[in-house]
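Novice: The following comprises the amino acid sequence and a computationally predicted model.
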Amino acid sequence: MGAVENHTMMNSAKKWLSIGLKTLCSSLRSRSELVIENLALRQQLAVFNEKRPKSRLTTTDRAFWVLARLISKDWKRHLILVRPETVVGWHRQGYRLFWRHKSRRGRVGRPRVSKEIWDLIKQMACENKWGAPRIHGELLKLGFEVDERTISRYMPRRIAGPDEIERWKAFLRNHVDVIAAMDFLTVPSATFVNMYILVIMSHGRRRILHANVTTHPTEEWVVQQLRNVFNGENDPHYMIIDNDSIFSAKVRGWLSDSSIQVKRTAIRSPWQNGKAERLLGSIRRELLDHVIVFGERHLRILLREYIDYYHADRCHLALGKDPPMTREVMPRPTEKATVVSLPRVGGIHHRYEWRAAA
């Protein structure tokens with residue numbers, strides 16, 4: 001019994017010591033932080049008192065934690081009911097609802113094409129194997145006012161033949177060291193403002209040559225980003241782009257004038273720009289799915305930290321499980337050495353190294 005009583009007394013002492021330290025820390029914090037903490041704890045206590053099922057949080061509860069995420073840096077410390085990733089998911093659901101409301105019928109937007117134009121697009125594509133620019137020109141001659149990008153969206157999907165697929169694969173394989181690719185990724189801010197990440201990458205070692213953020217992407221802005229990257233020295237021979245209208249004739253012209261041959265992917269064929277698509281998917285899964293972005297400046301900081309991690313730490317299967325900037329094998333310095341965890345990208349990811357015992 002003596003041992004049990006001693007153990008109980010030690011646990012009690014530890015508990016009161018922890019309470020005392022937390023009280024001392026609270027006295028050193030600002031009034032606004034204490035108000036937010038008090039409000040967060042009261043909100044969760046109210047949910048407990050209502051005796052709801054564990055997963056039955058109301059829309060008001062979810063909105064409260066999304067708002068708390070925006071105004072408090074220590075919001076995770078007060079969260080007991082759900083995981084932080086759940087709050088990020090609620091923000092994403094709110095974004096979808098916001099755009100569903102904004103895109104509802106009856107609002108001003110691009111009008112749908114008539115069935116007559118839709119049928120003509122399919123007929124011209126099937127009879128002539130034309131692309132969207134050629135069909136657009138033909139429809140203009142018939143007096144139809146329709147955007148070329150709309151035509152691309154309504155064109156029937158053409159399945160590439162085995163020979164076309166093999167030719168593209170051979171191109172990627174034979175010129176891997178002189179190919180670059182670029183693409184956009186859309187990111188919603190905390191207030192549902194769309195931000196756009198332009199990423200330019202090299203195929204050889206999958207290095208990110210350039211990445212930048214804007215809320216208003218234009219062809220002039222894209223050309224300026226290309227100027228910031230390519231200066232005539234060690235420029236790629238080929239640039240892979242998709243059929244997004246932002247990659248306009250002005251952008252393609254600048255690349256051609258810089259002796260960079262443009263390779264446009266086929267419509268609805270993201271596999272042809274697979275390395276860029278995979279990179280954007282990694283940025284979303286490994287970074288953006290875990291945070292709520294406040295604005296352009298915040299997104300640039302996150303992106304810069306992720307790119308540093310991507311180049312120096314992250315192992316890639318296609319590179320023999322080596323980062324783009326080769327990471328040497330670290331030998332164990334001594335028998336008593338231990339592995340330490342080094343946080344990367346704000347603790348979302350980690351790198352591991354040997355540390356000699358002190």
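Specialist: It's in.

Novice: Quick check: the gap between residue 221 and residue 307.
Specialist: Residue 221 sits 20 Å away from residue 307, taking CB to CB, to the nearest Å as the criterion. Glycine gets a C-beta too; all of them are placed from N, C-alpha and C.

Novice: So for those two, which sits in the more crowded spot?
Specialist: Set side by side, residue 221 and residue 307 give different neighbour counts by other CB atoms under 10 Å, the larger being at residue 307 (19 against 15).

Novice: And the contacts of stretch 307-317?
Specialist: Stretch 307-317 has contacts (CB atoms under 8 Å, 6 or more residues apart in numbering) with 206-208, 211, 282, 321-325, 327, 344-345, 349, 351.

Novice: pLDDT score for the residue positioned nearest the centre of the chain?
Specialist: Nearest to the geometric centre of the chain sits residue 284, at 2.9 Å (CA atoms, centre = their mean). The pLDDT attached to residue 284 in the predicted structure is 93.

Novice: and it, what element?
Specialist: In this structure, residue 284 sits in helix 274-286 according to DSSP states H and E.

Novice: Please, a ChimeraX command that selects the buried ones among the contacts of stretch 307-317?
Specialist: To isolate the buried members of the contacts of stretch 307-317 in ChimeraX, using 16 or more other CB atoms under 10 Å:
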select :206,207,208,211,322,323,324,344,345,349
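
Novice: ok, the contacts of stretch 307-317 vs residue 137, which is closest?
Specialist: Residue 137 has its nearest neighbour among these in residue 211, at 35.5 Å by CB to CB.

Novice: pretty sure that closest one is in a strand, no?
Specialist: Yes - going by DSSP: H, G, I helix; E, B strand; the rest coil, the assignment for residue 211 places it inside a strand.

Novice: Quick one: mean pLDDT for the helix or strand that the helix holding residue 284 is followed by?
Specialist: Using DSSP H and E, the helix or strand that follows helix 274-286 towards the C-terminus is helix 296-312. Averaged over helix 296-312, pLDDT sits at 94.

Novice: Just after helix 296-312, pick out the following helix or strand.
Specialist: Per DSSP H and E, the first helix or strand lying C-terminal to helix 296-312 is strand 338-344.

Novice: who does that following strand pair up with?
Specialist: The strands that strand 338-344 pairs with in its sheet are strand 349-355 (antiparallel) (by DSSP bridges).

Novice: from the middle of its chain, how far away would the partner strand be?
Specialist: Mean C-alpha position of strand 349-355 versus that of the full chain (CA atoms, centre = their mean, to the nearest Å) differs by 24 Å.

Novice: quick one: low-confidence ranges for this protein?
Specialist: Residues of the chain that meet the criterion pLDDT under 70 lie in 1-87, 90, 103-111, 158-160, 358.

Novice: Strands of this protein, residue ranges please.
Specialist: In the chain, strands defined by DSSP state E lie at 179-188, 194-202, 208-214, 238-241, 261-264, 338-344, 349-355, listed in chain order.

Novice: what sits up against the fourth one?
Specialist: If you take CB under 8 Å, 6+ apart as the criterion, strand 238-241 is touched by 175, 178-183, 247, 251-252, 255, 260-265, 272-273, 276.

Novice: Quick one: buried ones out of those residues?
Specialist: Applying 16+ other CB under 10 Å to the contacts of strand 238-241, the neighbour count classes 175, 178-183, 247, 251-252, 255, 260, 263-265, 272-273, 276 as buried.
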